[in-house]
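In: show me the folded form of this:
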Amino acid sequence: MESIKKLKPTNTMNYDEFSDRKNTLHRFIKRNLVWITPEATVKEAAKLMHRENVSSIVVIKNEIPLGIITDSDLRRLIADGYDMERSLDDVLRQKFKRQPSLITVDVNESIHEALSKMLEHRIKHTVVMEAGKPKGVVTIGDIAYRLSPFYVYYAIRLRKAKKIGEIKEILDEFKDEIIRYALKFAEKPEEGRTGFFFETISYVVDTALRSLVEITGEVPENLVYAATGSWGRREQFILTDRDTIAIYQEEKEKDEFDSLIDEIDVRSFIEEIEDCMDEVGFPPCPHGYTSRNLCFRTDELIEHIDRWCGDAEKYAVNISIIADSRPLLGNSAILERIKRRLIDKMRRNRFFVSQSLIYKPPLSLLGISKSFDFKSRAVAPLEYPIRALAITNGVLSLSTPERIKTLGERGIISSEMSHDLLYAYNIIMKLKIMLQARFEEELELSTLSAIERKMLEDALKTVKLFQDYTEKNFT
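Out: Take a look at the predicted model:
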């Protein structure tokens, strides 16, 4: 149709540019401008808005915007019994009786200036102009998303995504933005908190997964699809790798053939969703801990758990995978039942606790090692025994901070130790975020300031005291 055209958008705005509240609309416009000529009918405008999934359409003639038709206008016209075959030119004449002229904003105006103008004129959509020509449309909703915590903007876009390629594009932008923010945080860690990163990433990635399912199809009945590892604990920074597990409950009244069909459906769903996550840039665990390899019937998994718990040192990884699992899709009651079985079987299991202490902090009489693998020498010495104490003492909490707090509340560790461990955890996680934002695994002590080195040394000494206490009292 000659009356329809789309203009290309500019790039999205990053967190740093937005956080100072000085940015203009130049980099704010993301969505293509959808427009139509005044000779087109109301029905044609409605069809185009529906096809492009937009809440407004700009009426343009000779590159000059004459007006804007919104979804609210369409609802009013339908309610008034308006002839949908009449031209948009007729609609605009009636609209201008209520609003004398089209309200626009310049691309060099700030977001706050645009918001003030929209509130002043009581409008929800406005056309952004550049050099006298329409550049895009900004809505109250767009601005609200950007004024909210930045990750909400990505979650909203993910929910609206209709194609896998869109989800990949959004996640790529999100990864770039969270890394930029992490590097800024590394310079001034006192201005933020580590939990923000983990909560943000879990929220966005969980949303991406659910959007993928809406695109690819429904979750099979009697299936729970769960995240595990750091994603399950909501402690993952950046999309380094994913650990997943799937459990499905076989219906006893079904015959062997129907049960086989159900299993095929489950495994087809798993393959498809895992393929989709590969495609959008969330790589699988390099050790193979994904639902492709970790897909169980409930009765089968219960048998495995009984066997694993009987040799907890040998099967420590398997036990940890179940303990760190968090339901994402499907029937969460299935996973809850499995985890309670695990907790019951693992109560007071000193062999599992002993296994969790194999990783030691890099401390000696001379202080901290000059260089060391941060995950195995700083993160694991804290996270692993905390998880082991939680599992063997009936604590169902998932994240390490939640487990530390619960262990303290139940008197399994002292309140003072709980407080010190939370402080140590925060110090260690800040450095973990800094290293991962730089795509580094080894910590070079020389890269830290004197204050940072002292804080890390104190944190690692706390971890060592905790490990000594655990070994003495629980192994």
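In: for the nearest residue to Glu235 once chain neighbours are set aside, give me its contacts.
Out: Nearest non-adjacent residue to Glu235, counting by CB to CB, 6 or more residues apart in numbering: Phe198, 5.1 Å away. For glycine as for every other residue, the C-beta is placed from the backbone atoms N, C-alpha and C. Residues in contact with Phe198, defined by CB atoms under 8 Å, 6 or more residues apart in numbering, are Arg234, Glu235, Gln236, Phe237, Ser399.
In: next, format those as TSV and append secondary structure and neighbour count.
Out: What follows is the contacts of Phe198, written out as TSV (DSSP: H, G, I helix; E, B strand; the rest coil; neighbours: other CB atoms under 10 Å):
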residue	secondary structure	neighbour count
Arg234	coil	22
Glu235	coil	25
Gln236	coil	21
Phe237	coil	21
Ser399	coil	22
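In: and of the residues you listed, the nearest to Lys133?
Out: Phe237 (42.6 Å; CB to CB).
In: which residues does the closest one contact?
Out: Residues near Phe237 by CB under 8 Å, 6+ apart: Ala182, Phe197, Phe198, Ile201, Lys432, Ile433, Gln436, Ala437.
In: got those as a markdown table, with secondary structure and pLDDT columns?
Out: Shown next, in a markdown table, are the contacts of Phe237 (DSSP: H, G, I helix; E, B strand; the rest coil; pLDDT from 0 to 100):
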| residue | secondary structure | pLDDT |
| --- | --- | --- |
| Ala182 | helix | 85 |
| Phe197 | helix | 84 |
| Phe198 | helix | 88 |
| Ile201 | helix | 90 |
| Lys432 | helix | 91 |
| Ile433 | helix | 90 |
| Gln436 | helix | 88 |
| Ala437 | helix | 86 |
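In: give me the residue ranges of this structure where confidence is low.
Out: Along the chain, segments meeting pLDDT under 70 span 1-24, 26-31, 96-100, 145-146, 189-192, 252-258.
In: quickly find the element holding the residue most central in space within it.
Out: When CA atoms, centre = their mean is applied to the chain, the residue found nearest the centroid is Val204 (2.0 Å). Per DSSP states H and E: Val204 is located in helix 194-216.
In: list the buried residues for that helix?
Out: 194, 197-209, 211-213 (16 or more other CB atoms under 10 Å).
In: ok, stretch 134-145 next?
Out: Pro134, Lys135, Gly136, Val137, Val138, Thr139, Asp142, Ile143, Tyr145.
In: need the residues that contact it.
Out: By CB under 8 Å, 6+ apart, stretch 134-145 touches 7, 9-10, 25, 28-29, 31-35, 54-56, 58, 60, 63, 65, 68, 105, 107, 111, 114-115, 118, 124-129, 152-153, 156.
In: then Ile68 would be within a strand, right?
Out: Yes - applying DSSP: H, G, I helix; E, B strand; the rest coil, one finds Ile68 inside a strand.
In: hang on, it packs against Ser56?
Out: Yes - if you go by CB atoms under 8 Å, Ile68 and Ser56 touch, sitting 5.4 Å apart.
In: in the stretch 251-400 of the chain, what residue spans correspond to strands?
Out: 295-297, 326-330, 363-364, 367-368, 371-373 (DSSP state E, counting those that start in this stretch).
In: one step back: who's more crowded, Ile68 and Ser56?
Out: Taking neighbours as other CB atoms under 10 Å, Ile68 and Ser56 compare with Ile68 leading, 25 against 21.
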